[in-house]
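Chemist: Turn this into a structure:
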Amino acid sequence: MIYIKERLLQEPSLQLRELWYELQQQGYNGAYTTLSENLKKAGVIMGKKSKIVQFSRLSDLLWTPSKASILLFKDADALSVKQKNTLASICEKSHTLTKALQLVRHFRVLVKTKSGNQLNGWILQAIDSRLKDIGGFAQSMKQDFLSI
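Modeler: Next comes the predicted model:
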C-alpha cells in the first residue's frame, strides 16, 4: 500500500492498468479486478475517476466481518484497549451489532456462571431480536431444550 500511495502522489493521473503492470513487475500476482476491488475498499480513487487521491485508514481496510466477529465472542476483559475502541466504534455505527454484542455477552455470562435457569429467557430474547444468526442459534437451542 505504501508503494501505491507514493506512486499516486508522484502521478495523480496514474491509470489503474499501469499501476497493475508495475505491481506485477514487483511480484504481485493478483488479478486486475482484485487490485481494483481492494483499492476501492481502501477508499483509493484514481485515474479517470478523480484527480484527487483519497485514502482510508489502512487499519479500517484490514478489518473484515470475520475479524470483527471475533471481538463479539471474545471475553470483554481479554480485549486490548485498541480492540475495545474498535468494537465501540463499530457498535456506535450499528444498532444491530450493539444488540448482537449484548446477546453474545449475556450468553457468555450464562455459560460461565452455569446459570441454566436463565437460559430460556435468553433464548426468547435472542429469537425476538430478529438477528438471523443468533436467532437461529437460539431457535436450535429451544428445540434441544424442548426435547430434554
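Chemist: From now on I want contacts and neighbour counts done on CA atoms only, so please keep to that.
Modeler: Will do.
Chemist: in the chain, which spans are helices?
Modeler: Counting by DSSP state H, one finds helices in the chain at the ranges 2-10, 16-25, 32-41, 58-61, 65-73, 81-93, 95-112, 119-128, 132-147.
Chemist: Please convert the ones you listed to a markdown table, extending it with mean pLDDT and mean neighbour count.
Modeler: Compiled in a markdown table, the helices of the chain are given as follows (pLDDT from 0 to 100; neighbours: other CA atoms under 10 Å):
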| stretch | mean pLDDT | mean neighbour count |
| --- | --- | --- |
| helix 2-10 | 81 | 13 |
| helix 16-25 | 86 | 15 |
| helix 32-41 | 85 | 14 |
| helix 58-61 | 46 | 11 |
| helix 65-73 | 74 | 13 |
| helix 81-93 | 84 | 13 |
| helix 95-112 | 90 | 15 |
| helix 119-128 | 93 | 17 |
| helix 132-147 | 88 | 14 |
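Chemist: how far away is N85 from L71?
Modeler: Relative to L71, N85 is positioned 11 Å away (CA to CA, to the nearest Å).
Chemist: now do R130
Modeler: Using CA to CA, one obtains 21 Å as the distance from R130 to L71.
Chemist: okay, now the domains of the chain?
Modeler: Per automatic domain parsing, the structural domains of the chain span 2-60, 64-147.
Chemist: Look up how far I134 lies from H95.
Modeler: From H95 across to I134, the span is 15 Å (CA to CA).
Chemist: try E22
Modeler: Summarising the geometry, the distance separating E22 from I134, computed by CA to CA, is 45 Å.
Chemist: Test my guess that L131 contacts T98.
Modeler: No. Counting by CA atoms under 8 Å, no contact exists between L131 and T98, whose distance comes to 11.1 Å.
Chemist: gap between the residue with the largest distance to the centre of the chain and E11?
Modeler: In the chain, the greatest distance from the average C-alpha position (CA atoms, centre = their mean) is reached by I148, at 36.8 Å. For I148, the distance to E11 (CA to CA) stands at 68 Å.
Chemist: now do L146
Modeler: As defined by CA to CA, L146 lies at a distance of 66 Å from E11.
Chemist: Next: I4.
Modeler: Computed as CA to CA, the I4 to E11 distance reads 10 Å.
Chemist: Check K41 too.
Modeler: When K41 is compared with E11 (using CA to CA), they lie 21 Å apart.
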